[in-house]
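Asker: please work out how this folds:
(chains A and B)
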Amino acid sequence: MNPKMRNALKRNAVGYIFLSPWLLGLIGLSAIPILASLYFSFTRYDMLTAPDWIGIENYRAMFDDQKWRNSMKVTLTYVFLGVPLQLIFALSIAIMLNRGIRGLRIYRAIYYVPSLFGGSVAVALLWRQLFGGEGLVNLLLRQIGLQGYNWIASPDTALYTLIVLKVWQFGAPMVIFLAALKQVPTELYEASRIDGAGKWRQFSRITLPLITPIVFFNLVMQTIQAFQAFTPAYIVSRGSGGPLDSTLFYTLYLYQKGFTHFQMGYAASMAWLLLIVIAFVTALIFLSARKWVYYQE
Amino acid sequence: MKARLKAFAIVLLSITFAFGIAACGGGKSNSGETSGGSGNSGNSGGTAQAGNSGSGGGSSQEVVEIRFTWWGDTARNDLYNAIVDRFEEEYPHIKVKREFGGWADYWDRLATQSAGGNAPDVVSMHQFYVADYARRNALLDLLTVIDSGELDVSLFPESTLDSGRVNGTLVMVPKGVTMPGWVYNTAVFDQLGIEYPDINWTYDDLINISRQVVEKSGGAMWGSADFSGGQLQPNFRYFLRQHGEDLYTEDGKLGFSRDTLVKWWSMWKEMRDEKLIPDAATVAEYDGVPLEQNLFVTDKVALFQIPANQIYLYEQQFQEGEIHMVRMPTLPGGQNGEYLEGAYLSITADSKHPKEAAQFINFFVNSKRSLELFKVEQGSPANTEMAEFVKPLLAAPQARAVDFIQTVIPYASNAVYAPAGATEVEALFKDNSTAISFGQKTVEQAADDFIAAANRILQ
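Answerer: Prediction:
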């Protein structure tokens, strides 16, 4: 160790010591398990007997696994439909709230509430009640003379009820959008009004370009989150991913493989592949950002 | 000097702090488990503590802690906590930590704990899962604790012990033995004006009675719930055994023919097409709901299949009528489908206190203090003396269950244990039967797909 480094270490020793509980947690509870799962992903591992090295067999097997392909499709549908819809919805609400209405704080809090509950078991259970055969939605439909439908239990609509659930949790991106909207300088709107710009033109030429960095941020965060969604599908389908695997999210299938079917090696390789897919999609968003994200410098 | 002292003090403080947090973390998870265990029984944790400290002075024995885990609902949790409390009173040097969960969560957690090498000492076992654990040597050979005198099975009939053997090794003893059957509510049948089914009814009777239910109720009720898919046993398995087949062979291959599978699914498809059983979406919606919300309890179907020990749980749910049970539908000219079922106790191979664990099991299955609470919670006690002892303690529906079990047990013959991969085969069975009910596959397609995929899993 050269003297310079030793000096630095000495200077920061106390800092590291104070950091140590967190560091221990990071290494013991995150880093080691993550590396272990990388190792398991190359093994056949039933959790009770020792893992058996099989190379890339798990990764290869995934492409022959019809259920795996289906779970990938379900998750991608959820991400590519759910996230844009959610962001559009969040932005619309934020714009409405930004009109300087009275009691803004109360509205903001009320609209944020669903996000607090969003990932929770209670809301997923509530969703079953809303969209079930005897649910509230059907009750309302019957009031206006329409035939009810078993939304949750039919393979062609079950996933969409979960996407609606995702959209409904628009609170977090909405609050961030709202903060961004407040940052847009009002003199720009004043100037444009003098030039005769209408509401829509103001939005598309001033508001939207100026908040693109925030759109970008929300898009990245929500996409990563959506890929990892688990609770809604697990609760709404009671862990089965049914009906007919229509809500078998990638994470849910991973869980079934690992914990129900004792194939922890396969589950670990699925987890690593998911990481790669998320990294890839995020990288695409970052690359595209150069084309559409506008930083005022 | 002063500066150094200060630095030393800071280092010391922060280290203590770090360990303090670690200890806190450990403490938290521990108390989480115990409070979970005692939460439902009110003061069980407190009683245990008092028992320990009271005897601590006089007794020279070291206090040993074992862990016990079970599946079940809230009522059962209260009951088992009370039994464990009594055990702790009697064996003050043994402290029992309790862990429990619902059926599905229970098995997920047990698998994880076993993988981490921290499975509880005494675990509740079931035929469907025992092979998974026994074949991986995760369970103790109980002969070791029987030979050393901790566990007494002298009053257990040989057939009940046999049901706890895997490859000749005794790995579990029954808490209670039970048999599945079909139930109906007498009040519902009386109101509809339909005759009760005979105890030896057949599949044709099932269809005919279902037809009557739909007719007489004006379509407000279905005849029966849909048991074409879901779990492989007991319904489909009985059907196979009646045809002289079984789910698996001794060497862990698929034990039935495509023909029998097609027969099974065709029968249910005809009932579905005739609207004698619920449509696919309704079945999916009620899949896995708790007892108090299922199709039978909510009066949507008139016939339902349950294990006999749950008769009293179902009867509690109805305002009027008695829950009566008949055998699983029989096949004229076929064999008997019956095999012994139940809930069992095992000791895990990694247990550090197999002796105390065995003492606990012994108390649980052989002592009046325990059985007076247990009664027939998870089946009729296997210990014949205890089975007699609990009889006068039973409420009417429980007595009916015991009668049913005793009537049907003589029909039972041995059943092969599930091989590794059985849970996956079951998922496959469910997927394909659901595909039929949603009209996405024909019965023949589903049968072909199932057989091909199942053979791949079991190869």
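
Asker: against chain A, how distant is residue B:412?
Answerer: Residue B:412 is 29 Å from chain A, where distance means Cβ to the nearest Cβ, to the nearest Å. C-betas here are computed from N, CA, C, even on glycine.

Asker: what's downstream of the helix or strand of chain B with the lowest mean pLDDT, the next helix or strand?
Answerer: Least confident helix or strand of chain B, by mean pLDDT, DSSP states H and E, is helix B:44-56 with a mean of 37. Sequence-wise, the next helix or strand downstream of helix B:44-56 (DSSP states H and E) is strand B:64-71.

Asker: the domain parsing of the chain - what is it?
Answerer: With no chain named, the answer covers chain A. Here the domain parsing of chain A from automatic domain parsing is A:3-31, A:59-292.

Asker: looking at chain B here, not the other one
Answerer: Using automatic domain parsing, the domain parsing of chain B gives B:48-56+B:64-178+B:341-411, B:180-339+B:414-458.

Asker: residue contacts, residue B:315?
Answerer: B:322, B:323, B:397 (Cβ atoms under 8 Å, 6 or more residues apart in numbering or on different chains).

Asker: go again using 6 Å as the cut-off
Answerer: Residue B:315 is in contact with B:323, B:397, counting by Cβ atoms under 6 Å, 6 or more residues apart in numbering or on different chains.

Asker: ok, of the domains of chain B, where does mean pLDDT dip lowest?
Answerer: Among these, domain B:48-56+B:64-178+B:341-411 carries the lowest mean pLDDT, a mean of 88.

Asker: so which of the domains of chain B is nearest residue A:55?
Answerer: Closest approach to residue A:55 among the domains of chain B (Cβ to Cβ): domain B:180-339+B:414-458, 20.0 Å.

Asker: just the helices in the stretch 1-150 of chain A please.
Answerer: A:3-25, A:32-40, A:57-62, A:66-97, A:104-117, A:121-131, A:136-143 (DSSP state H, counting those that start in this stretch).

Asker: can you give me the strands in chain B?
Answerer: In chain B, strands defined by DSSP state E lie at B:64-71, B:94-101, B:122-125, B:165-166, B:169-170, B:173-178, B:180-185, B:222-224, B:301-307, B:323-326, B:341-347, listed in chain order.

Asker: hmm, who's touching the third one?
Answerer: I take that to be strand B:122-125. B:68, B:69, B:70, B:172, B:344, B:345, B:346, B:348, B:357, B:360.

Asker: quick one: residues contacting the last one.
Answerer: Translated: residue B:360. Residue B:360 neighbours (Cβ under 6 Å, 6+ apart): residue B:122.

Asker: in chain B, what residue is nearest chain A?
Answerer: Chain A sits closest to residue B:115 of chain B, with a gap of 3.2 Å, by Cβ to the nearest Cβ.

Asker: could you check how many residues crowd around that residue?
Answerer: Here the number of neighbours of residue B:115 (other Cβ atoms under 10 Å in any protein chain shown) works out to 19.

Asker: how about it: what's its closest non-neighbour residue?
Answerer: residue A:47 (3.2 Å; Cβ to Cβ, 6 or more residues apart in numbering or on different chains).

Asker: and for residue B:292?
Answerer: residue B:317 (5.8 Å).

Asker: surely the one you found touches residue B:297?
Answerer: Yes. At 4.6 Å, residue B:317 counts as touching residue B:297 under the criterion of Cβ atoms under 6 Å.

Asker: more neighbours: these two, which one.
Answerer: Set residue B:317 next to residue B:297 and count neighbours by other Cβ under 10 Å: residue B:297 wins out with 19 against 15.

Asker: which residues does that one contact?
Answerer: With Cβ under 6 Å, 6+ apart, residue B:297 has these contacts: residue B:317.

Asker: and it, its phi and psi?
Answerer: Per-residue torsions, residue B:297: phi -70, psi -30 (degrees, to the nearest 10).

Asker: that one and residue B:323, how far apart?
Answerer: Separation of residue B:297 from residue B:323 (Cβ to Cβ, to the nearest Å): 10 Å.

Asker: please apply the same query to residue B:194.
Answerer: 16 Å.

Asker: and what of residue B:123?
Answerer: 31 Å.

Asker: skipping adjacent residues, who's closest to residue B:371 in space?
Answerer: Take residue B:371 and drop its neighbours on the chain: the residue closest to it by Cβ to Cβ, 6+ apart is residue B:386, 4.7 Å away.

Asker: the strand or helix carrying residue A:269 vs chain B: in contact?
Answerer: Assigned by DSSP H and E, residue A:269 belongs to helix A:264-292. No. Judged by Cβ under 6 Å from any Cβ of the partner chain, helix A:264-292 stays clear of chain B, getting no closer than 7.1 Å.
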